[in-house]
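J.: Give me a 3D structure for the following:
(2 chains)
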Amino acid sequence: MTKQVLLVIFGIVLPLIGVFYSIKKGKKPINYIFLGISLALYYGALFNIKYLYLFSPRFNFIVAPIVYFYGFDLPGLAKFIRNRIAQIVLLLVIYVTVVFFIFLAMPGDYTTKFLDPKLMRNPEMYERIKQLFGVEDPWYVKYYKHMKNFFNLEMGISFSEYPKRVEEIILERLPRTLFLFLASSVLSFLLGFDLGKRIAWKRGGITDKAATFVGIVFWTIFTPFYMLIIIWLFAVTLRWFPLSGFVTPAKWFNAPFSAQDVFIRLLWTELFLLMAWIVGIFISSKLKTISSKKLAIWFSVIVGFIMAMIYWVTNGMGTYALDIIYHLALPVIALVTLHFAGDMLVMRDTMLEVIKEDYITTARAKGLPDKVIRDKHAARTALLPLMTSFVIGLASTVSGGVITETMFSWKGMGLTLLEATTAQDTPLAIGCLVFTGVLVLFAHLVADILYALLDPRIRY
Amino acid sequence: MANEIGKRESIAKIKFKLFIKNFKKNWALFKESKMGMFGLWVIVAFGIFGALSPIVLSFLDPSIYDPVVGLDSRILSSKYITDYLSTQNLVKGIEIPAAQQWVYSFMDMGETFKSSMETLVRNSQHEIMTTYAPDSFRHFLDTIADSYIPAKERLYFQTSVSELVDKGIIKFSAISSVKDIGNRDKFSFQDFSELLQKVDHKTLAIALSPYADSDEVSRAILWFRSLNRDKQEVVEEFNSLITQTHSEAQIKSAQEKVLEVAKSVADVSTTGQLYVQSDAQLSEVIQNDTVAIESLVFAAAYSIIPDLIVLSKENNSIEQEIKKGKFAPLFEIAKSKLSDLSKKEIYEPALAKAKRTVNNLEKEMRDLGLSVLHTDTERFLELYAGMELAKVSVDIRPELRAKLENHISRYSKTVRQGYIYELNNIFIKIATARSFMASLLNNENVPESYESLGSQVIKVLSEPIASLIAYAFQGTNKLDKVISNIENSQLEDFKRIDIVEKLKSAKEPVEAVRFLINEAEMNENIYLRMVNGHKQYLEDPSEWSNIENIRKIEKPQKTAWSKDFAEKKLVEIFNVLSLTNKIGVGHPLPPSKWHWLGTDPVGRDILIQLMVSTPSEFVLGVLAALITVVIGTIIGTAAAYYGGLVDVIFMRIADLMMLFPSIAFLIVLSGFMTMNLFKLALILGLLGGFGGITLVLKAQALTIKVKPYIDAARVSGGSHGYIIFNHIIPNVMPLSFLYMMFNVTGAVFSEAVLSFFGLMKVRMSWGLMINTVWSSGYLGSGNIGSYWWMWVPAGGAITLLCAAFYFLGRGLEEIVNPRLRKR
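T.: This next block holds a predicted model:
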């Protein structure tokens, strides 16, 4: 019964609304062609019409709405977002393809890596297994299977963590990397932005020189070396934080829930706090004076924080969450200190450029307070190049996570990738590499949209 | 100037002059940038540091200082003893030198005595150690196995003998007495049944009757019974004949008859083996004259012949001499044993090994008083064979030893010379060792008294070195360190309270220490007793008198004890033990004057590793950056010049490249294929060249493309290629050069990360140095700070080189980008 209701909603009502809207908005014939393609893809996926698949029905569900929105003209920002999503999806396909061809070019195959050599001595058995693995298929068959499986989220079974499926492993590890990445990049961005504008404003002073020096040291230091120093300082000498790991196992013996449960909730909390902060920024943009803006941001962050605290105190997982945070602290500190340096230097350089602009002189001549000029006039403009460099650095930040995760034994995507590689576990390595790319692409999309929000010129 | 107007300067010259002028101007600009200058100086310093590495390496001993395979096992100062030795090694170092003397002292007593000494060690463990400590006296057993020369040498001798028997050079009859008929190794069941067809069973029974109680005869009876299962009365008769006593003459004639037949039977069917592995087996061979003396000499000389053949590749006369001389039959066999010497990678180590072996032998012979070079091959081999025979026959009964010597002297005077000199040398060694033990135990009657003294023998062995340590370190905290090392041992087995007590109570080194530092005199009587015991069975002992004339050893000078002297000798003793792998220094060692930056867990010098890695980092960084910049510049300018489809394609590729998680990517690539420096440089170059750099260079090229002189060039008929390469690229070059510097940083960083994860196939690199330490667990626990010298230099070097290229880039940026200069 429910199935039929769903079928009616998704098979008739939803497309009808779409078609109606599109016909009302669309003007040119090309618009109707896009609509047709979109509908074909949609129904092909919905009713399992094999010849209308692009690799897999799930991929059709992703592509169909994108094609649909090409069916009529969109206003500035929405058009930008649509184009960007389309590009990212295209890049995703290309990226997965590239990964496939790289692994195709590698010497050896599945059968030579993880098979018992005793089996290989029996030629019949070996042939059979080769057939099962599809070793001797032509490359396009392999490629089709690869793409189909990826978009069906069937990445195979890991060799090194045997009975587990690759997507299960990634589902477990991806949040950990995401958490680390989010916390460190947001914090380091804010820190770099704030310090950069301050030291540029007081340029030439001792603070400027010291901060620049520290920034360059952090910018050029060899990451594992820096993390060893951090571990030595905070974990060995001062004993503030644990050396490495995800949890203290002894504390979790009697826990009625898994660490992963608690961790996922922590990730949601982090996202919630991020949202609270963004809401604060949104409110503050509607306000006039600097003090009221600050108050708005702080208020929303603190309210968010208090709500999160209440949630954690009442759900009985608080102490366990604290244990995870205790283990998280050191990697986050290491990453934040490493990454803020680059942001700070970029911010400082652009601020120095901006300060020379005429409109800053005008603002001064108007007699505006110093802080207003710095925060509202100069920093707002300098934010854009900083954002650009942040977006460019996204890929290396995500993949650089391998180093952090290895040094702190933080079992995220990076460490999994490294272990899969050293164990020659091809399915898991492919899965990790692809999903690292997915993470980068997704982060890129979000950052691009944020950028477009910040810079009106982008919305063509 | 006026006369120059007539001449036309070549374009190249003008270009060169312009270049010089520009260079001077830019250098003046560059000099103002402190960052740039700092970077440049650091790079120059690293360059010199790396370039020095081959020179420095050529001065140092490769076995110790080689960055990859070197190992410093020397003990160079008393700090090593007090600080860097584990308890186990310390205890071993205290006891092994004396234990070696102890083993020498019973070296001529035979293997039965040896095994009784092993039992003595095991029993002493229960008396000395109060706790259950199964490993605490293992090193005494090891020393017995290691220092009991005859048993050890006989193992090698046995290999040679077996090989020559296989090849048919040594011919012998397995059956040397009637008893052997029942020995399954020598005489099979088939042989036995064949024998019975040729010999009457009564004769056999009479021949076997003297050995009625032995295992062999009971086996013979069994075999006989199984052959005559249906003839009960024959079996009974056979049994009763064996148990009866018969007259001598009867037995003798029966035995002769049986032996003759048995030998003929065994020769045909069995491929017997000649056993000389234990003293009893060797005695039997000598007593029964199982083989000709020539065979024994051959077997003794055989082991050195392959090395001589290797050497003969350099000096052909050696080969000729072997082929001509006595040992000619061995030549082909030894040659067939060698691997293919025409291959360089086999020949070179083989030659080095052969040279080392032969040089050691020549030195050993010189020490004995025999001066001979290996080029005098025949004599060299004969002397060597004599020495080997002496070594294997020390612990057999004196009369048999004399019998062997008699045979040898009949065979060859030179072999006998080697035999006598070596035997005498061993006698001296034994006599010295006995004097040492006598002085330690206050008992002249060693080694016979060991068994009655019991664990006392083992207890005193720690005395000499313990007293030496106590004396040398008295009143300093070094002694406390040694004591606390033993007292706080992690291993219960080496918590040797008896040694601690000795260390605490000793004031002066005991007299026996003199033996360990070669300053003591042996007891002449012990020596003479042994020599005379040997000589009395000889047919012609006159040769031995020569030796006594030679053996006029100067009386050793006794140095008065002083702390410095004691410490020096102590270090020497420990050093010898460490070099011969009896004890091991606990690597990693902190910085010292022998290793300025300490050693790594495998015992290799950190500074040398740092030095040797430097050139490859430069090569990698510059190569990768060069590839990046060449690709980036060509693509960037082409995209700017042609625009359109070319532009779109390459810019989309650049976008994709910038989205690539490059480190993750490189990890996977190097994990699934072997990655060396050149491959990595190529991959990094390609990744970078198609990536972000093209965007920047394209923007620069676009500003040049619209300049009037480009239009002028096009109008005057310049082709696209000409314009790109002669007009656009030279103007983009400064910016490319700048980005090259930043790319070096990236490449060095990537290499370091990959080798830090252990994914690179390189001999040595800075990242690999940290990886070695990381993977051997020195950074995993709380002792990161205490092992700083293993990761700080390498990490610092990577950081500094990366920073230097970054600074250089920043300095250049101020020249290339005038906007920055005005600030």
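J.: tell me, how many neighbours does the closest residue in space to A:Thr177 that isn't next to it in sequence end up with?
T.: Excluding the flanking residues, the one nearest A:Thr177 by Cβ to Cβ, 6 or more residues apart in numbering or on different chains is A:Gly412, at 3.6 Å. Placement of C-beta: from N, CA and C, glycine included. As a burial measure, A:Gly412 scores 27 neighbours (other Cβ atoms under 10 Å in any protein chain shown).
J.: unless I'm mixing things up, A:Gly412 is touching A:Arg176, no?
T.: Yes. Counting by Cβ atoms under 8 Å, A:Gly412 does reach A:Arg176; the two are 4.0 Å apart.
J.: if I look at the residue nearest to A:Thr177, how far off is A:Ile403?
T.: A:Gly412 sits 12 Å away from A:Ile403, going by Cβ to Cβ, to the nearest Å.
J.: For the stretch 701-823 of chain B, what lies in contact range of chain A?
T.: Neighbours of chain A within the stretch 701-823 of chain B, by Cβ under 8 Å from any Cβ of the partner chain: B:745, B:749, B:752-753, B:756-759, B:770, B:779-785, B:791, B:794-796, B:798-799, B:802-803, B:806-807, B:823.
J.: biggest helix in the chain, by residue count?
T.: Chain wasn't specified; assuming chain A. Ordering each helix of chain A by length in residues (DSSP state H) puts helix A:318-355 first.
J.: ah, no, chain B please
T.: Ordering each helix of chain B by length in residues (DSSP H) puts helix B:606-642 first.
J.: so after that one, what's the next helix or strand?
T.: Using DSSP states H and E, the helix or strand that follows helix B:606-642 in sequence is helix B:644-658.
J.: Just give the nearest non-adjacent residue to A:Asp417, would you?
T.: To be clear, residue A:417 is Leu; Asp isn't right here. Closest to A:Leu417 by Cβ to Cβ, 6+ apart is A:Cys432, at 3.8 Å.
J.: Show the average pLDDT along the helix or strand where B:Val42 lies.
T.: Using DSSP H and E, B:Val42 maps to helix B:34-51. Helix B:34-51 carries an average pLDDT of 91.
J.: hmm, who's touching the helix or strand following it?
T.: Following helix B:34-51 in sequence order, the next helix or strand is helix B:53-59 (DSSP H and E). Counting by Cβ atoms under 8 Å, 6 or more residues apart in numbering or on different chains, helix B:53-59 makes contact with B:Tyr65, B:Asp66, B:Ile608, B:Met611, B:Val612, B:Thr614, B:Pro615, all of which sit outside it.
J.: Buried ones in helix B:53-59, by neighbour count?
T.: For helix B:53-59, a neighbour-count test (16 or more other Cβ atoms under 10 Å in any protein chain shown) marks B:Ser53, B:Leu57 as buried.
J.: how about low-confidence regions in the stretch 101-250 of chain A?
T.: Residue ranges of the stretch 101-250 of chain A with pLDDT under 70: A:113-116, A:119.
J.: Give me the distance between the residue of it found nearest chain B and B:Ser662.
T.: Per Cβ to the nearest Cβ, the residue of the stretch 101-250 of chain A with the smallest distance to chain B is A:Phe225, at 3.0 Å. A:Phe225 sits 20 Å away from B:Ser662, going by Cβ to Cβ.
J.: A:Tyr140 now?
T.: To B:Ser662, A:Tyr140 is 28 Å away according to Cβ to Cβ.
J.: what about those two, which has more around it?
T.: Neighbours per residue (other Cβ under 10 Å) separate A:Tyr140 from B:Ser662, with B:Ser662 holding more: 21 against 8.
J.: for that one, what are its contacts?
T.: Listed by Cβ under 8 Å, 6+ apart, the contact set of B:Ser662 reads A:Ala395, A:Ser396, A:Ser399, B:Leu687, B:Ser750.
J.: want to throw the residues you listed into TSV with distance to B:Leu259 and neighbour count?
T.: TSV is the format used below for the contacts of B:Ser662 (distance: Cβ to Cβ, whole Å; neighbours: other Cβ atoms under 10 Å in any protein chain shown):
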residue	distance to B:Leu259	neighbour count
A:Ala395	90	26
A:Ser396	89	17
A:Ser399	85	25
B:Leu687	85	20
B:Ser750	81	24
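J.: Taking these, tell me the two that lie furthest apart.
T.: Based on Cβ to Cβ, the longest span within the contacts of B:Ser662 runs between A:Ala395 and B:Ser750 and measures 13.6 Å.
J.: Write out the residues of the stretch 351-460 of chain A neighbouring chain B.
T.: For the stretch 351-460 of chain A, the residues in contact with chain B (Cβ under 8 Å from any Cβ) are A:352, A:392, A:395-396, A:398-400, A:402-403, A:406, A:414, A:417-418, A:421-422, A:424, A:426, A:429, A:432-433, A:436-437, A:440-441, A:444.
J.: let's go with 7 Å and repeat that
T.: Contacts of the stretch 351-460 of chain A with chain B, taken as Cβ under 7 Å from any Cβ of the partner chain, map to A:352, A:392, A:395-396, A:398-400, A:402-403, A:417-418, A:421-422, A:429, A:433, A:436-437, A:440-441, A:444.
J.: Among those residues, name the buried ones.
T.: Buried residues within those, counting neighbours by 16+ other Cβ under 10 Å: A:352, A:395-396, A:398-400, A:402-403, A:417-418, A:421, A:429, A:433, A:436-437, A:440-441, A:444.
J.: Where does the prediction get shaky in the stretch 251-400 of chain A?
T.: Short version for the stretch 251-400 of chain A, where the test is pLDDT under 70: none.
J.: Show me where it has its helices.
T.: A:259-286, A:290-314, A:318-355, A:358-366, A:370-372, A:379-407 (DSSP state H, counting those that start in this stretch).
J.: Off-centre distance for the second one?
T.: Remark: helix A:290-314 is offset 25 Å from the chain centroid, using Cα atoms, centre = their mean, to the nearest Å.
J.: I'd like to know the phi and psi angles of A:Gly156, please.
T.: Backbone torsions of A:Gly156, given as degrees, to the nearest 10, read phi 90, psi -170.
J.: How much space separates it from B:Glu508?
T.: Taken as Cβ to Cβ, the span from A:Gly156 to B:Glu508 is 76 Å.
J.: repeat for B:Ala385
T.: B:Ala385 sits 47 Å away from B:Glu508, going by Cβ to Cβ.
J.: Around chain B, pick out the residues from the stretch 1-150 of chain A.
T.: Contact residues, the stretch 1-150 of chain A versus chain B (Cβ under 7 Å from any Cβ): A:Leu91, A:Ile94, A:Met106, A:Pro107.
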